[in-house]
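Asks: Provided below are the primary sequence and the corresponding predicted coordinates.
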Amino acid sequence: MSPSRASLEKKPREVAEMFDDVARRYDLTNMVLTGGIDHLWRRAVVRAVDASPGERVLDIAAGTGTSSEPYADRGVDVVPADFSLGMLREGYRRRPDLPFTAADATALPFADGSFDVVTISFGLRNVVDVDAALGEFRRVVRPGGRLVICEFSRPVVPGMASLYDRVVLRALPAVARRVSSNPDSYVYLTESIRAWPGQRELAQRIRSGGWEQVRWRNLTGGIATIHHATAPGRPGPLS
């Protein structure tokens, strides 16, 4: 099952089932659909998080754990969390050494101040209540801790926005039919990208969630954007 259209009021069960269906070939499909540029974006996120051994990182919407592996390989204590059991099972099959955890971003199963950093890549737009999630991220991070969000955004290069919408986004479902285990899900994912707010709007939403020092950096002309923020309290290191 996959949602028939994108909405900011999503049905969590349907979204979870959609990701369950695509779990086995999800990483391969992303690589094909982005021409491999998703790896560059994920490396940029790792640099932005700037986690050191001894720090604890919560990686929300970690899926199969691809985004968590760089931290674990550097000796950082990372917890990959996702609400899709299919994604978690596939991740555990590949990396049984990682502590994959079933978690709803709007009601995290962690104590207050449990992490130094919370990060989420290409998952916030699929959360049923973004504001509740931002509040939960702030609850589970220590005072002065960091938040790093990477998400699809609005191209800022003149002419790119129209080209991106007319060519790239329209082509995604067709390409997905050749490589994905559930190509219809990419119709939903394409619409969710179109429905998502731009850089400035998301930054304001993060501020309204109680975060400080909110800023962003565009990737690939704004097709994706990394937002940084700091939790109130003793200032933490800037990413």
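Replies: Perfect, I can see it now. Residues are numbered from 1 along each chain as shown.
Asks: okay, now the unreliable bits of this protein?
Replies: 1-36, 159-188, 234-239 (pLDDT under 70).
Asks: strands of that one, start to end?
Replies: Assignment of strands within the chain using DSSP state E yields the ranges 56-60, 77-82, 101-102, 115-121, 141-152, 212-219, 224-230.
Asks: got JSON lines for those strands, with mean neighbour count and distance to S192 too?
Replies: C-beta here means a position set from N, CA and C on the backbone, and glycine is covered the same way. Putting the strands of the chain into JSON lines (neighbours: other Cβ atoms under 10 Å; distance: least, Cβ to Cβ, whole Å) gives the following:
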{"stretch": "strand 56-60", "mean neighbour count": "25", "distance to S192": "16"}
{"stretch": "strand 77-82", "mean neighbour count": "24", "distance to S192": "17"}
{"stretch": "strand 101-102", "mean neighbour count": "15", "distance to S192": "22"}
{"stretch": "strand 115-121", "mean neighbour count": "26", "distance to S192": "14"}
{"stretch": "strand 141-152", "mean neighbour count": "22", "distance to S192": "8"}
{"stretch": "strand 212-219", "mean neighbour count": "16", "distance to S192": "18"}
{"stretch": "strand 224-230", "mean neighbour count": "23", "distance to S192": "14"}
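Asks: okay, these in a markdown table with distance to A132 next?
Replies: Supplementary listing: the strands of the chain in a markdown table, determined by distance: least, Cβ to Cβ, whole Å:
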| stretch | distance to A132 |
| --- | --- |
| strand 56-60 | 13 |
| strand 77-82 | 15 |
| strand 101-102 | 17 |
| strand 115-121 | 13 |
| strand 141-152 | 15 |
| strand 212-219 | 18 |
| strand 224-230 | 16 |
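Asks: and for V140, the neighbour number?
Replies: Counted with other Cβ atoms under 10 Å, residues neighbouring V140 total 20.
Asks: touching, it and D116? I think so.
Replies: No: V140 is beyond contact range of D116, at 10.5 Å (criterion: Cβ atoms under 8 Å).
Asks: how close does the nearest residue to A51 once chain neighbours are set aside get to S68?
Replies: Excluding the flanking residues, the one nearest A51 by Cβ to Cβ, 6 or more residues apart in numbering is V76, at 4.5 Å. Distance, V76 to S68, using Cβ to Cβ, to the nearest Å: 9 Å.
Asks: can you pick out the residue with more neighbours from the two?
Replies: The residue with more neighbours, out of V76 and S68, is S68; 25 against 20, by other Cβ under 10 Å.
Asks: so what's the nearest residue to that one once chain neighbours are set aside bridging to?
Replies: Taking Cβ to Cβ, 6+ apart as the measure, S68 lies nearest to P80, with 4.0 Å between them; neighbours along the chain are not counted. Bridge pairing for P80 (DSSP bridges) gives the partners D59.
Asks: residues contacting P80?
Replies: Shown in contact with P80 (Cβ atoms under 8 Å, 6 or more residues apart in numbering): 59, 62-63, 65, 67-68, 88, 91, 98-101.
Asks: try it again at 7 Å.
Replies: 59, 62, 65, 68, 91, 98, 100 (Cβ atoms under 7 Å, 6 or more residues apart in numbering).
Asks: can you check L58 too?
Replies: With contacts taken as Cβ under 7 Å, 6+ apart, L58 has the following neighbours: 79, 81, 115, 118, 140.
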